[in-house]
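Colleague: Predicted coordinates and the sequence they were generated for:
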Amino acid sequence: MIEELSEFLSKGPAWIWGAGLLGRSLYSVLKRNGLSGQVAGFIDSNPTVQGRSFLGVPVEGAAAIGPRGRVIVAAAKNVEAIYHRLVDSAEAGSENVFDINRYPELGHWSIEIVGACNLKCPSCPRGNFGTVAGKRVMRPERFAAIVDHIAKIDRGTSYVAIYNWGDTLLHPNLKEILDILNERLFYIAASSNLSMPKPNLETIAQELRCGELRISLSGFTQEVYGRSHRGGDIELVKSNMRQLRACLDAAGNHDIQVKVVYHVYKHNAHEVSLMKEFAESLGFVFDPIKAILFPVEHMMDYLDKGCSSSEDFNNMAEYMLEPLRQVLRRGSPHSICKFWKQNNIDVDGAVTLCCITFDRTRNTIAHDVLAEGSVGALLARKRSHPMCSGCMSHSIDQFVWGDLWV
């Protein structure tokens, strides 16, 4: 795909449609390959990000494209509608539109740098899948070797997420981890619940510029938040959000995207507007999402057997905005899973099936990523894995991706 993008950009500058994770990480791919100079800017329909910039590149509304403007579509949602709107309108035209979603090799990697979390949320395997002994962390030198190996076998890597089921800010050597990715020009995705005393916000503010920080929460008051973020303190979270804003301002960091991800259930929907107002007052992007339960193993048991082995999981299913089985009935037969574009590495360097599975005894597809010579070999193992066929037959992958909600 890099060759095709290079040819497209050789014909003139282009706008990147989508200023979120996919669009920004695409820019880092272009930067690593010496092509970012041909990017005119970002286009995004979200008015709260218009007028901002990322690494000096402006974010504008669609009107900025102009007649016969050239566009690279890098949106995560409503891709077909955006593509056809551009092709059918005077904004672009088919020869001037490049849709990266049509190129499956543009994937990303998730590396679990901390194999633990400080909370035990009932909708997450850290809280509903039994006890995982100890707080394991990936050493920076091991992390560097893995990142260099990724760059070697997957030139089209769009970004590296430094979390899966763990909290990024719990890593004791976070600055070294971020330095490794910054030196190699990778876009970085980090995540935290921020419900911890004295998180390393200064390091985030100073070192995480080409990337995003997701703040996961589920309420504005403690009574509501504590039901789904078990063990957390929402007032501590809000205090840390204010402190993060101060640290970013002190560091002059205007490039990071801080995204407040609000998991919406029946019990907390009435507090969405309160958190939205608070998050946006700090200049953060507010992203309410309909809550999903994890992991896939519990979900499949719930569907096949009527309940999972986790009482927490079963209870939280009652709080979903819409019954799980009802949502899944909207699924359609398919042979390609969107999660195949992601490769998932556990804290010990093993490659697991995907980011929404948890049971290592059933879903490890390679014991050491450094021994793997190609992304294609990993993809072949995913395609033939029984967990994948079971998940896709239930349309769980479409559900988690967000394709089935109305």
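Modeller: Looks like it came in fine. Residues are numbered from 1 along each chain as shown.
Colleague: Skipping adjacent residues, who's closest to Gly390 in space?
Modeller: Met300 (5.7 Å; C-beta to C-beta, 6 or more residues apart in numbering). Backbone N, C-alpha and C define where each C-beta goes, glycine included.
Colleague: In contact with that neighbour, which residues are there?
Modeller: Neighbouring residues of Met300 by C-beta atoms under 8 Å, 6 or more residues apart in numbering: 390-391, 394, 396.
Colleague: Out of these, who's the most crowded?
Modeller: Cys391 (25 neighbours; other C-beta atoms under 10 Å).
Colleague: in the helix or strand where it lies, what's buried?
Modeller: Assigned by DSSP states H and E, Cys391 belongs to helix 386-393. Within helix 386-393, the residues scored as buried using 16 or more other C-beta atoms under 10 Å are 387-388, 391-392.
Colleague: go on, stretch 351-370?
Modeller: Here stretch 351-370 shows 351-359, 363-366, 369 as buried, counting by 16+ other C-beta under 10 Å.
Colleague: chain center to stretch 138-150: distance?
Modeller: The chain centre lies 20 Å from the centre of stretch 138-150; the measure is C-alpha atoms, centre = their mean, to the nearest Å.
Colleague: For that stretch, C-alpha coordinates in CSV please.
Modeller: What follows is stretch 138-150, C-alpha atoms only, in CSV (Å, rounded to 0.1, in the frame of the first residue of the first chain):
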residue,chain,number,x,y,z
MET,A,138,7.6,-5.6,29.8
ARG,A,139,11.2,-4.4,30.1
PRO,A,140,12.1,-1.4,27.8
GLU,A,141,14.9,-3.4,26.1
ARG,A,142,12.5,-6.2,25.3
PHE,A,143,10.0,-3.7,24.1
ALA,A,144,12.6,-2.0,21.8
ALA,A,145,13.5,-5.3,20.2
ILE,A,146,9.8,-6.1,19.5
VAL,A,147,9.2,-2.6,18.0
ASP,A,148,12.2,-3.0,15.8
HIS,A,149,11.0,-6.4,14.7
ILE,A,150,7.5,-5.0,13.9
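Colleague: I'd like to check what contacts that stretch. Which residues are they?
Modeller: Under C-beta under 8 Å, 6+ apart, the answer for stretch 138-150 is 109, 111-114, 157, 160, 171, 173, 176-177, 180-181, 184, 186, 345, 347-349, 369-370.
Colleague: can you rerun that using 10 Å?
Modeller: Contact with stretch 138-150 is made by 108-109, 111-115, 137, 157, 160, 162, 166, 171-177, 179-181, 183-184, 186, 343, 345-349, 368-373, 375, as judged by C-beta atoms under 10 Å, 6 or more residues apart in numbering.
Colleague: longest helix of this structure?
Modeller: helix 234-251 (DSSP state H).
Colleague: what helices or strands is it leaning on?
Modeller: On a contact count with 3 or more C-beta pairs under 10 Å, 6 or more residues apart in numbering; DSSP states H and E, helix 234-251 meets strand 187-192, helix 201-207, strand 211-217, helix 222-228, strand 257-264, helix 272-281.
Colleague: Where does pLDDT dip in the stretch 51-200 of the chain?
Modeller: Applying pLDDT under 70 to the stretch 51-200 of the chain flags residues 89-93, 104-105, 131-135.
Colleague: Identify each of the helices in it and give its residue range.
Modeller: 79-88, 125-128, 140-153, 174-183 (DSSP state H, counting those that start in this stretch).
Colleague: And the first one, what's buried?
Modeller: Of the residues in helix 79-88, those buried under the neighbour-count criterion (16+ other C-beta under 10 Å) are 79, 82-83, 85-87.
Colleague: which of the residues you listed lies closest to Ala317?
Modeller: Of all these, Ala317 sits closest to Val79, with 29.7 Å by C-beta to C-beta.
Colleague: ok, the closest one - contacts?
Modeller: Contacts of Val79 (C-beta under 10 Å, 6+ apart): 17-18, 22, 73, 99-102.
Colleague: one step back: kindly reformat the helices and strands packed on helix 234-251 as TSV containing mean neighbour count and distance to Leu379.
Modeller: Shown next, in TSV, are the helices and strands packed on helix 234-251 (neighbours: other C-beta atoms under 10 Å; distance: least, C-beta to C-beta, whole Å):
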stretch	mean neighbour count	distance to Leu379
strand 187-192	24	21
helix 201-207	20	32
strand 211-217	23	26
helix 222-228	18	34
strand 257-264	20	28
helix 272-281	16	37
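Colleague: Go through those and name the closest to Pro47.
Modeller: helix 272-281 (11.0 Å).
Colleague: residue contacts, the closest residue to Trp165 other than its chain neighbours?
Modeller: Nearest residue to Trp165, sequence neighbours excluded (C-beta to C-beta, 6+ apart): Arg126, at 5.4 Å. By C-beta under 10 Å, 6+ apart, the contact set of Arg126 is 115-120, 132, 165-167, 230, 294-295, 358.
Colleague: how about a cut-off of 7 Å?
Modeller: Residues near Arg126 by C-beta atoms under 7 Å, 6 or more residues apart in numbering: 117, 120, 165.
Colleague: swap in Asn314?
Modeller: 307-308.
Colleague: Show me where the stretch 1-150 of the chain has its strands.
Modeller: Assigned by DSSP state E, counting those that start in this stretch, the stretch 1-150 of the chain shows strands spanning 14-17, 39-43, 53-54, 57-60, 71-73, 97-99, 108-111.
Colleague: Need the winner for burial among the ones you listed.
Modeller: Highest mean neighbour count of the strands of the stretch 1-150 of the chain: strand 14-17, a mean of 26 (counted as mean count of other C-beta atoms under 10 Å).
Colleague: what does that one rub up against?
Modeller: 8, 23, 26-27, 38-43, 65, 69-75, 82.
Colleague: Convert the C-alpha atoms of it to PDB, please.
Modeller: Extracted in PDB, the C-alpha atoms of strand 14-17 (Å, rounded to 0.1, in the frame of the first residue of the first chain):
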ATOM      1  CA  ALA A  14      -4.000  15.600  -0.600                       C
ATOM      2  CA  TRP A  15      -6.200  16.000   2.500                       C
ATOM      3  CA  ILE A  16      -6.600  13.100   5.000                       C
ATOM      4  CA  TRP A  17     -10.300  12.600   5.800                       C
END
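Colleague: Centre of the chain to it, how far?
Modeller: 21 Å.
Colleague: What strands flank it, and is each parallel or antiparallel?
Modeller: strand 39-43 (parallel), strand 71-73 (parallel) (DSSP bridges).
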